[in-house]
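1. please work out how this folds:
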Amino acid sequence: QRQLVESGGGWVQPGESLRLSCTASGFTLTYYAIGWFRQAPGKEREGVSCVGVSGDTTGYADSVQGRFTISRDNAKNTIYLQMNSLKPEDTADYYCAAKRSADYGYWGQGTQVTVSS
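-> Below is the predicted model:
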């Protein structure tokens with residue numbers, strides 16, 4: 001069974017950091033582009049960051065540019081999202097997703113991030 005599992009979420013104070021992980025099982029992420037998404041309570045899901053197959057191409061939402069860094073370790077079949085200088089508005093459930101074509105076909109179950117003092 002192919003699945004993605006996120007981990008690394010939790011509660012932190014503003015200004016602190018977290019690193020989210022997205023690990024695949026049942027398939028290899030080597031040939032998949034990966035995206036991180038988030039959904040805050042009462043809001044629509046939004047794209048946060050993405051990384052291409054090679055890892056050289058990355059993208060970020062304006063709201064996280066300069067604070068978040070996406071990376072991939074194909075040897076570990078894992079994608080990371082390093083989140084620094086976290087703000088209360090970053091509070092959300094974070095999801096990773098994988099695609100080989102136009103649409104993200106595989107989604108994780110999400111990990112919760114809460115930023116609060």
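2. what residue ranges in this protein score low on pLDDT?
-> The chain contains no residues with pLDDT under 70.
3. now the strands for it?
-> Taking DSSP state E, the strands of the chain run over residues 3-7, 10-12, 18-25, 33-39, 46-51, 58-60, 68-73, 78-83, 92-99, 106-107, 111-115.
4. pull out the buried positions in the third one.
-> Within strand 18-25, the residues that qualify as buried by neighbour count (16 or more other C-beta atoms under 10 Å) are 18, 20, 21, 22, 23, 24. Yep, even glycine has a C-beta here, placed from its N, CA and C like the rest.
5. show me what residue 20 is bridged to.
-> Beta bridges link residue 20 to residue 81 when assigned by DSSP bridges.
6. now do the contacts for it.
-> 6, 7, 8, 9, 36, 80, 81, 83, 94, 96, 111, 113 (C-beta atoms under 8 Å, 6 or more residues apart in numbering).
7. most neighbours among these, which one is it?
-> Sorting the contacts of residue 20 by how many neighbours each has (other C-beta atoms under 10 Å) puts residue 96 first, at 31 neighbours.
8. and the gap between the closest residue to it other than its chain neighbours and residue 83?
-> Leaving out its chain neighbours, the residue that sits closest to residue 96 by C-beta to C-beta, 6 or more residues apart in numbering is residue 22, at 3.4 Å. Distance of residue 22 to residue 83, computed by C-beta to C-beta, to the nearest Å: 13 Å.
9. and if you look at residue 39?
-> Per C-beta to C-beta, residue 39 is found 16 Å from residue 83.
10. next: residue 96.
-> Separation of residue 96 from residue 83 (C-beta to C-beta): 13 Å.
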